[in-house]
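*Asks:* Take a look and give me a structure for this.
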Amino acid sequence: MRIVDDLKIAAPDHIANEILSKLEATFGKLEVQRDTFTNCGIRHRQNSGTFETELDQTEFIAAMKPI
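*Replies:* Coordinates of the predicted model:
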């Protein structure tokens, strides 16, 4: 089994789609998240109009447990 996890691509849609199609040819169907997604514990929220992106770790920090 091959796993692709937390891969982030920043490119125009036509280029990102080309990259994703090549990855899917090798690894199988991928779950793609756009605009709002979490990558390595950091939530990204991109405004589709302005392309401004907010980053936070609110959910990640709330889930932390002291050791």
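
*Asks:* Can you find the helix or strand in this structure with the smallest mean pLDDT?
*Replies:* Averaged element by element with mean pLDDT, DSSP states H and E, the chain has its least confident helix or strand at strand 36-39 (a mean of 89).

*Asks:* Parallel or antiparallel, which strands does that strand pair with?
*Replies:* Here strand 36-39 is paired, per DSSP bridges, with strand 42-46 (antiparallel).

*Asks:* Show me what the helix or strand that the strand it pairs with is followed by is packed against.
*Replies:* Note on strand 42-46: by DSSP states H and E, the next helix or strand toward the C-terminus is strand 53-56. Judged by 3 or more CB pairs under 8 Å, 6 or more residues apart in numbering; DSSP states H and E, the packing partners of strand 53-56 are strand 42-46. Glycine gets a C-beta too; all of them are placed from N, C-alpha and C.

*Asks:* For the top helix by length along the chain, what is the distance to the chain centroid?
*Replies:* Once the chain is assigned using DSSP state H, the helix that runs over the most residues is helix 13-27. In terms of CA atoms, centre = their mean, to the nearest Å, the centre of helix 13-27 is found 14 Å from the chain centre.

*Asks:* buried residues in that helix?
*Replies:* Buried residues in helix 13-27, counting neighbours by 16 or more other CB atoms under 10 Å, are absent.

*Asks:* For Ser21, see how far away His14 is.
*Replies:* According to CB to CB, to the nearest Å, His14 stands 11 Å off from Ser21.

*Asks:* How about Ile61?
*Replies:* Distance of Ile61 to Ser21, given as CB to CB: 36 Å.

*Asks:* Likewise for Arg43?
*Replies:* Counting by CB to CB, the gap from Arg43 to Ser21 is 27 Å.

*Asks:* what's the answer for Pro12, then?
*Replies:* 15 Å.

*Asks:* rewinding a little: kindly export the longest helix of the chain (C-alpha atoms) in PDB.
*Replies:* The C-alpha coordinates for helix 13-27 follow below in PDB (Å, rounded to 0.1, in the frame of the first residue of the first chain):
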ATOM      1  CA  ASP A  13      -5.500  25.100 -11.300                       C
ATOM      2  CA  HIS A  14      -4.500  23.600 -14.700                       C
ATOM      3  CA  ILE A  15      -1.000  22.800 -13.400                       C
ATOM      4  CA  ALA A  16      -2.200  21.500 -10.000                       C
ATOM      5  CA  ASN A  17      -4.700  19.200 -11.800                       C
ATOM      6  CA  GLU A  18      -1.900  17.900 -14.100                       C
ATOM      7  CA  ILE A  19       0.300  17.100 -11.000                       C
ATOM      8  CA  LEU A  20      -2.700  15.500  -9.200                       C
ATOM      9  CA  SER A  21      -3.500  13.300 -12.300                       C
ATOM     10  CA  LYS A  22       0.100  12.000 -12.400                       C
ATOM     11  CA  LEU A  23       0.000  11.200  -8.600                       C
ATOM     12  CA  GLU A  24      -3.400   9.500  -9.000                       C
ATOM     13  CA  ALA A  25      -2.000   7.400 -11.900                       C
ATOM     14  CA  THR A  26       0.700   6.100  -9.400                       C
ATOM     15  CA  PHE A  27      -1.200   6.100  -6.100                       C
END
